[in-house]
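Undergrad: predicted model, plus sequence, below.
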Amino acid sequence: MELMQKFSGIFTIILIVLAVLLILCLVRAIIGPRIADRVIAINMMGTIVIVIISILTLLMGESYLADIGLIYAMISFLSVVVLTKVYTGVYLEKKVKKGEKDHADS
């Protein structure tokens, strides 16, 4: 417990840095020129939130937050897989339409 008191200032600084990084990822997710940039930014946001939850578990000494972090990791992974699947479907659909348009023009 004494060790946690010594490093609580460092953990607070780390939490502030992670919060700034989370905001920057949110900006990238909003203005990302391509959909792939947005998916990567959302994935990074999920990872940062998991790290924040882990640090809060150490600082607060509440073990149930570790369980919440694990559940959040599973949900974050699933959301990225779904977004990637949707993006792949949209890309293939555009590719097929472009191929049909090029074929009709010939």
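TA: Right, received. Where do you want to start?
Undergrad: any idea how far residue 92 lies from residue 22?
TA: For residue 92, the distance to residue 22 equals 32 Å [C-beta to C-beta, to the nearest Å]. Where C-beta positions appear, they are placed from N, C-alpha and C, glycine not excepted.
Undergrad: by mean pLDDT, which helix or strand of this protein comes out lowest?
TA: helix 64-105 (a mean of 87; mean pLDDT, DSSP states H and E).
Undergrad: what packs against that helix?
TA: Applying 3 or more C-beta pairs under 8 Å, 6 or more residues apart in numbering; DSSP states H and E, one finds that helix 64-105 contacts helix 35-60.
Undergrad: and the helix it packs on, what does it pack against?
TA: Going by 3+ C-beta pairs under 8 Å, 6+ apart, helix 35-60 lies up against helix 2-31, helix 64-105.
Undergrad: circling back: residue 92 and residue 22: which has the busier surroundings?
TA: Using other C-beta atoms under 10 Å, the more surrounded residue of residue 92 and residue 22 is residue 22, with 17 against 10.
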